[in-house]
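> Need a 3D model of the sequence below.
(2 chains)
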Amino acid sequence: MNSQSCVNIEKEWDIVSARQLGRNLARKLGFGTVDQARIATAISELARNIYLYAGSGEIYFDIVEDHPKKGIRIRAIDQGQGIEDIGKVMKDGYSTSGGLGAGLPGVKRLMDEFHISSVPGAGTEVEVVKWLR
Amino acid sequence: MQTVNLEKENYKQLLKRFIEKNDEETLYKADLFSKESIRQNVTPDEIIHVYIQALEDLYPDLPETFRRSLDFLLETMISYGVAYKEFQEMREEQLEIKSELALAAKMQEKLLNTRVPEIKGLDIGAISIPAKQMNGDYYHFIEDHRGNLGVAIADVIGKGFPAALCMSMVKYTMDSFPESRMLPKRILQLLNRVVEKNVDPGMFVTMFYGLYNPDSHDFYYASAGHEPGLFYHGQHGVFTEIEAKGLVLGVERDVTYKQYKRRIELGDMIVLLTDGVTECRRGERFLERDEVIEVMKQYTHLPAQQMVERVFRYFEELQDFQLRDDFTLIVIRREN
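From the prediction side, this is the model:
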């Protein structure tokens, strides 16, 4: 089960599949209910971003080990418009004030590690990790 | 204050006691628990989680349907937890900005600081209070070596930070003028060029500049679109508007200003102000100019500094202590 799994995001329904897959993996790894819910919410956010702004993309799941830590890694990749100003979307209040949800700062708060890279016109990749405590 | 134990075990005991006794004391302790949680940045979803765990401990045989409903509750609270954390951090940021602003305001106060000069035969009072932290009004006294008194009062159209920065520029420009007797029309002309060159279109400065000769008691003045001040005729006890026309600073490059002259008699007063005084509101309605004059009349018997302070206090109270605009008032009275 260490092999990487992937969900294609094209329709809104795919967001649910991504959440489900991520939650199952988190449960198997031994995450508690709160962390499972947090991971699912983060996946939701990443998948919604792809669905709303890029049109389509993929979400990859795998297990990472950094002895003795173990965790779940999620990567959201799209070939959409990319983000011009990452600083702006990472600023608190940018997405929540518009009622758009937790936004990327929210994802960062839900997870332990957060990396983003984006090339305007070429796409965006967000990688997050949650470690088992 | 007693510290509250945020342990799950403590919460469980509180819950247990409340379920058994249904008493107010436990509810009070629950209140303390929640306050302490806030203090320690515990999010709403975490409290729910503690609750679910406590409940499962106390009632291991909870029906599966009910237990599942609790997961559902938890799930719906996760995003609230994220939002809560975000708001907390934004609040901290806001506090930082506020203290920075307070510092800037202090610095501005220092920069714009002017001393009310003591000149034989004149009683002078001045007050300038910003509506927000930074002041977009400005007044300045200059005494040249011949004993002439120069007085400037200015208002930036606009409030807050940008207005304050603009005012600092005006102040430094004035500081760079030679100390020798400068005529009001000349000062406005020079300032206009500086403002026009350096300030965004859409930001304007109005200014009234006066020069008082304490020997002849002639008052020379010019106005760049500034709120008209008042002359008080001591002998008749009446106020009349100071008429002076001139274009606001910063609109056009080359502007010439008309200069006026008036003799000030014993007991007369020159009252200079900004629109923060005349645009005071009583409820939704702006005060009429006559009403402003009526207020001044009540205090004309006082020394100049007391007079401006009492007038300010009157208007402050009228507006429920919430100034809508920066408020500046200067009174110059000729006395024995």
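
> Tell me the secondary structure at the closest residue to chain A within the stretch 51-200 of chain B.
For the stretch 51-200 of chain B, the residue closest to chain A is B:Val82, as judged by CB to the nearest CB, at 4.2 Å. For the C-beta atoms, the positions are set from N, CA and C on the backbone; glycine is no exception. Judged by DSSP: H, G, I helix; E, B strand; the rest coil, the three-state class of B:Val82 is helix.

> Next: A:Cys6.
Under three-state DSSP, A:Cys6 falls in the strand class.

> does it really touch A:Phe61, like I thought?
Yes - the pair A:Cys6 and A:Phe61 qualifies as a contact (CB atoms under 8 Å) at a distance of 7.3 Å.

> quick one, which of these two is more surrounded?
Neighbours per residue (other CB atoms under 10 Å in any protein chain shown) separate A:Cys6 from A:Phe61, with A:Phe61 holding more: 20 against 14.

> what residues are up against the more buried one?
Applying CB atoms under 8 Å, 6 or more residues apart in numbering or on different chains, we find A:Phe61 in contact with A:4-7, A:21-22, A:25, A:72-74.

> Give me the buried entries from the residues you listed.
Buried by 16 or more other CB atoms under 10 Å in any protein chain shown: A:7, A:21-22, A:25, A:72-74, out of these.

> Count the residues that sit near the nearest residue to B:Ala163 once chain neighbours are set aside.
The shortest distance from B:Ala163 to any non-neighbouring residue, by CB to CB, 6 or more residues apart in numbering or on different chains, is to B:Gly136 (3.1 Å). When counting by other CB under 10 Å, one arrives at 27 neighbours for B:Gly136.

> again, but for B:Lys171
Counted with other CB under 10 Å, residues neighbouring B:Lys171 total 19.

> Tell me which helix or strand the residue lying closest to A:Asn8 once chain neighbours are set aside sits in.
Counting by CB to CB, 6+ apart, A:Glu58 is the residue found nearest to A:Asn8 once chain neighbours are left out, at 5.5 Å. For A:Glu58, the element it lies in under DSSP states H and E is strand A:57-66.

> Show me the strands in the stretch 101-250 of chain B, by range?
Using DSSP state E, counting those that start in this stretch, the strands of the stretch 101-250 of chain B run over B:122-129, B:137-143, B:149-156, B:205-213, B:218-224, B:230-233, B:238-241.

> list the helices and strands the longest one packs on?
It stands for strand B:205-213. In terms of contacts (3 or more CB pairs under 8 Å, 6 or more residues apart in numbering or on different chains; DSSP states H and E), strand B:205-213 is packed against strand B:149-156, helix B:160-175, helix B:184-198, strand B:218-224, strand B:269-273.

> got the buried residues for the second one?
Going back to what we said before, that points to helix B:160-175. Using 16+ other CB under 10 Å as the test for burial, helix B:160-175 gives B:160-161, B:163-167, B:169-171, B:173-174.

> so what secondary structure elements neighbour it?
Packing partners of helix B:160-175 (3+ CB pairs under 8 Å, 6+ apart): helix B:64-112, strand B:137-143, strand B:149-156, helix B:184-198, strand B:205-213.

> Same list, these, but as JSON lines with mean neighbour count and mean pLDDT please.
Output for these, formatted as JSON lines (neighbours: other CB atoms under 10 Å in any protein chain shown; pLDDT from 0 to 100):
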{"stretch": "helix B:64-112", "mean neighbour count": "14", "mean pLDDT": "90"}
{"stretch": "strand B:137-143", "mean neighbour count": "22", "mean pLDDT": "90"}
{"stretch": "strand B:149-156", "mean neighbour count": "25", "mean pLDDT": "92"}
{"stretch": "helix B:184-198", "mean neighbour count": "20", "mean pLDDT": "92"}
{"stretch": "strand B:205-213", "mean neighbour count": "25", "mean pLDDT": "95"}
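
> that older thread, now render the contacts of A:Phe61 as JSON lines, adding distance to B:Glu86 and pLDDT.
Shown next, in JSON lines, are those (distance: CB to CB, whole Å; pLDDT from 0 to 100):
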{"residue": "A:Gln4", "distance to B:Glu86": "31", "pLDDT": "82"}
{"residue": "A:Ser5", "distance to B:Glu86": "30", "pLDDT": "93"}
{"residue": "A:Cys6", "distance to B:Glu86": "30", "pLDDT": "95"}
{"residue": "A:Val7", "distance to B:Glu86": "27", "pLDDT": "96"}
{"residue": "A:Leu21", "distance to B:Glu86": "27", "pLDDT": "96"}
{"residue": "A:Gly22", "distance to B:Glu86": "22", "pLDDT": "96"}
{"residue": "A:Leu25", "distance to B:Glu86": "27", "pLDDT": "96"}
{"residue": "A:Ile72", "distance to B:Glu86": "23", "pLDDT": "97"}
{"residue": "A:Arg73", "distance to B:Glu86": "24", "pLDDT": "97"}
{"residue": "A:Ile74", "distance to B:Glu86": "20", "pLDDT": "97"}
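
> now those as JSON lines including distance to B:Val238?
Formatted as JSON lines, the contacts of A:Phe61 follow (distance: CB to CB, whole Å):
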{"residue": "A:Gln4", "distance to B:Val238": "90"}
{"residue": "A:Ser5", "distance to B:Val238": "89"}
{"residue": "A:Cys6", "distance to B:Val238": "87"}
{"residue": "A:Val7", "distance to B:Val238": "84"}
{"residue": "A:Leu21", "distance to B:Val238": "86"}
{"residue": "A:Gly22", "distance to B:Val238": "82"}
{"residue": "A:Leu25", "distance to B:Val238": "87"}
{"residue": "A:Ile72", "distance to B:Val238": "84"}
{"residue": "A:Arg73", "distance to B:Val238": "83"}
{"residue": "A:Ile74", "distance to B:Val238": "80"}
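
> closest to chain B among the residues you listed?
A:Gly22 (13.5 Å).

> what comes up buried for the strand or helix carrying the closest one?
Assigned by DSSP H and E, A:Gly22 belongs to helix A:12-29. Neighbour-count burial for helix A:12-29 flags A:14-15, A:18-19, A:21-23, A:25-26, A:29 (criterion: 16+ other CB under 10 Å).

> before we move on, what about stretch A:50-60?
By 16+ other CB under 10 Å, the buried positions in stretch A:50-60 come out as A:50-51, A:54, A:57-59.

> got JSON lines for the residues you listed, with pLDDT too?
JSON lines is the format used below for the buried residues of stretch A:50-60 (pLDDT from 0 to 100):
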{"residue": "A:Ile50", "pLDDT": "93"}
{"residue": "A:Tyr51", "pLDDT": "92"}
{"residue": "A:Ala54", "pLDDT": "90"}
{"residue": "A:Gly57", "pLDDT": "96"}
{"residue": "A:Glu58", "pLDDT": "97"}
{"residue": "A:Ile59", "pLDDT": "97"}
